[in-house]
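>>> got a predicted model here, sequence first, then my questions.
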Amino acid sequence: MKKLIVCVGLCLIANLAGSKVVSAGESPSAMDETRVEKYISGVYRQIDFSKCDRLPYDVFDKAYHGYLNLKFAGKLSDSKDVISVCDFNLPSTENRLWIIDLRKRKVLFNTYVAHGQGSGEDCASSFSNDMDSHQSSLGFYVTGETYQGDHGTSLRLFGMDRGFNDAAYDRGIVVHGAEYVSDKFVDGNQRLGRSWGCPAVPAGLSLPIINTIKDGTCVFIYYPDRTYLRSAFWLNKKVDHLPGNEMYSDMKFADAGVMPKRYTTIQYIHNGKIDSTKTVALGD
């Protein structure tokens with residue numbers, strides 16, 4: 001009777017095409033993270049930046065990571081796949097707001113966006129969640145409804161990062177247009193005008209921007225703040241699901257709230273050669 005030596009491979013994501021043995025030392029969580037990163041980088045490569053400045057990949061990676069977590073937590077609209085990214089690591093004189101249609105892989109707007117008076121001059125460096133700080137707040141937001149305010153049509157924001165921006169609604173942090181967000185202001189002051197903490201946009205673009213991103217889309221305000229990057233929930237939460245897509249058609253993900261099924265590859269080896277291979281679901 002043959003003597004069987006069973007060699008158990010590490011976990012694979014559901015329904016891989018064919019069998020695959022993963023090298024020793026590669027953990028299931030590492031595999032998942034690699035697959036997520038490949039997906040995010042694939043989305044980034046498909047986005048057409050040819051008519052605007054290119055959003056740095058590391059910023060998009062963080063923004064999209066949080067977007068996926070918010071999406072599958074049911075925090076975002078099902079009818080809109082739009083993400084807005086403010087890169088406050090850039091000076092105010094650059095087009096540091098990107099609004100991207102993720103379905104069409106298209107940049108809809110790339111323009112100015114203001115930071116708060118308390119956050120810095122041309123470059124933002126200080127951020128706060130406190131009332132009357134007049135500082136910008138880092139993190140992920142979900143857009144709400146519009147209203148008519150001192151700056152005309154404005155868009156309410158709900159901060160999703162506890163301790164970093166969850167006071168945004170009470171502070172009156174909204175998207176609105178402003179005349180100080182303009183080339184004219186930059187030419188006369190060598191920097192953009194500043195708000196009381198709101199991500200203010202050019203007055204002439206405010207209405208189309210607001211109409212595009214209102215009612216449940218994701219806004220991400222970024223700066224490489226070590227405390228935020230280390231502890232923010234939506235940024236650091238492991239991505240459990242990826243959208244159905246053509247890039248990874250061999251991946252089948254469960255409904256939101258259910259972890260993907262995992263598999264183990266078993267090899268039966270005889271006299272140093274693979275005799276047969278079997279893939280079984282963990283728990284079966």
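Everything's here; your move. Just so you know, these numbers come straight off a predicted model, no measurement behind them.
>>> how far off centre is stretch 222-229?
Mean C-alpha position of stretch 222-229 versus that of the full chain (CA atoms, centre = their mean, to the nearest Å) differs by 14 Å.
>>> with just CA atoms, put that stretch into CSV.
Written as CSV, here are the backbone C-alpha positions of stretch 222-229 (Å, rounded to 0.1, in the frame of the first residue of the first chain):
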residue,chain,number,x,y,z
TYR,A,222,-5.5,63.2,3.0
TYR,A,223,-2.3,64.3,4.7
PRO,A,224,0.6,62.0,5.8
ASP,A,225,-0.2,62.5,9.5
ARG,A,226,1.3,59.6,11.4
THR,A,227,-1.4,59.4,14.1
TYR,A,228,-4.1,59.3,11.5
LEU,A,229,-2.4,56.8,9.2
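>>> what pLDDT, on average, does it get?
Averaging pLDDT along stretch 222-229 gives 98.
>>> flag every buried residue along it.
Y222, Y223, D225, Y228 (16 or more other CB atoms under 10 Å). C-beta: built from backbone N, CA, C; applies to glycine.
>>> can you name every helix or strand that the strand or helix carrying E145 contacts?
Assigned by DSSP states H and E, E145 belongs to strand 139-149. Secondary-structure packing of strand 139-149 (3 or more CB pairs under 8 Å, 6 or more residues apart in numbering; DSSP states H and E): helix 57-72, strand 152-159, strand 218-222, helix 233-236.
>>> sorry, back to before: how about the buried residues of stretch 222-229 in a markdown table, adding distance to D87?
Below are those laid out as a markdown table (distance: CB to CB, whole Å):
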| residue | distance to D87 |
| --- | --- |
| Y222 | 5 |
| Y223 | 8 |
| D225 | 13 |
| Y228 | 14 |
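>>> residues in contact with stretch 148-168: which ones?
70, 75, 127, 129-131, 137-147, 169, 173-178, 199-200, 206-207, 210, 213-214, 219, 221, 228, 232-235 (CB atoms under 8 Å, 6 or more residues apart in numbering).
>>> need the CA coordinates for stretch 98-116. CSV is fine.
Provided in CSV are the C-alpha atoms of stretch 98-116 (Å, rounded to 0.1, in the frame of the first residue of the first chain):
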residue,chain,number,x,y,z
TRP,A,98,-9.8,64.9,-7.8
ILE,A,99,-13.3,63.7,-8.4
ILE,A,100,-13.3,60.3,-10.1
ASP,A,101,-16.0,58.2,-11.7
LEU,A,102,-14.9,54.7,-10.7
ARG,A,103,-17.3,53.0,-13.1
LYS,A,104,-16.0,54.9,-16.1
ARG,A,105,-12.5,55.2,-14.8
LYS,A,106,-12.7,58.8,-15.6
VAL,A,107,-11.6,62.0,-13.8
LEU,A,108,-14.6,64.3,-13.7
PHE,A,109,-12.9,67.3,-11.9
ASN,A,110,-9.3,68.2,-11.0
THR,A,111,-9.3,71.6,-9.5
TYR,A,112,-8.4,73.8,-6.5
VAL,A,113,-9.7,73.1,-3.0
ALA,A,114,-9.1,75.3,0.1
HIS,A,115,-8.0,74.2,3.5
GLY,A,116,-8.8,75.9,6.8
